[in-house]
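# Structure for this input, please:
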Amino acid sequence: MKKTIEVSLSPEEAFDDNSIKPALFKKLGIQDDGSVFLNLQKRSVDARGKNVQVKIQVELVLSNEIGNGISYQRQDFNVRNSDPIIIVGAGPAGLFAAIRLIELGVKPIVL
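All right, here's what the predicted structure looks like:
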């Protein structure tokens, strides 16, 4: 069984590697007993209101359906030696642009 669900978390929970998994299991009402594998698909920041929320799209997979050769590895983006691009503005659009540039392997400088 594979199912994709969208969950809202606080920024503190969504961007902390130690608390995101327990927070997702708690929001979904599932026990973390190893029978369900969570695959993070997408994160998006909703900063329209007073309380900023992070929408996370998660794929739920039963552990007995995970075949050989499938593994989850967190992708680390190292852009220290990349050519820089300057982004003027640190609002939601500027920060999103910076995140997207990092994902593409470019070093952003946000002013």
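# Could you use CA atoms for every contact and neighbour count after this?
Will do.
# which residues of this protein fall in strands?
2-9, 36-46, 53-62, 84-87, 107-110 (DSSP state E).
# is it possible to export those strands to JSON lines including mean neighbour count, distance to residue 24 and mean pLDDT?
JSON lines is the format used below for these (neighbours: other CA atoms under 10 Å; distance: least, CA to CA, whole Å; pLDDT from 0 to 100):
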{"stretch": "strand 2-9", "mean neighbour count": "15", "distance to residue 24": "7", "mean pLDDT": "86"}
{"stretch": "strand 36-46", "mean neighbour count": "16", "distance to residue 24": "9", "mean pLDDT": "85"}
{"stretch": "strand 53-62", "mean neighbour count": "18", "distance to residue 24": "9", "mean pLDDT": "86"}
{"stretch": "strand 84-87", "mean neighbour count": "13", "distance to residue 24": "32", "mean pLDDT": "94"}
{"stretch": "strand 107-110", "mean neighbour count": "17", "distance to residue 24": "30", "mean pLDDT": "94"}
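# Of all the ones you listed, which one comes closest to residue 26?
Comparing the strands of the chain by their distance to residue 26 (CA to CA), the top pick is strand 2-9, with 10.6 Å.
# ok, and what's touching that closest one?
23-24, 27-28, 53-62 (CA atoms under 8 Å, 6 or more residues apart in numbering).
# repeat that with 7 Å
The contact list for strand 2-9, computed with CA atoms under 7 Å, 6 or more residues apart in numbering, reads 53-61.
# and which of these is nearest residue 43?
Looking across the contacts of strand 2-9 and measuring by CA to CA, the closest to residue 43 is residue 56, at 4.6 Å.
# how about the longest helix along the chain: buried residues?
Counting residues, the longest helix found in the chain (DSSP state H) is helix 92-103. The neighbour-count check on helix 92-103 (16 or more other CA atoms under 10 Å) flags 94-95, 97-98, 101-102 as buried.
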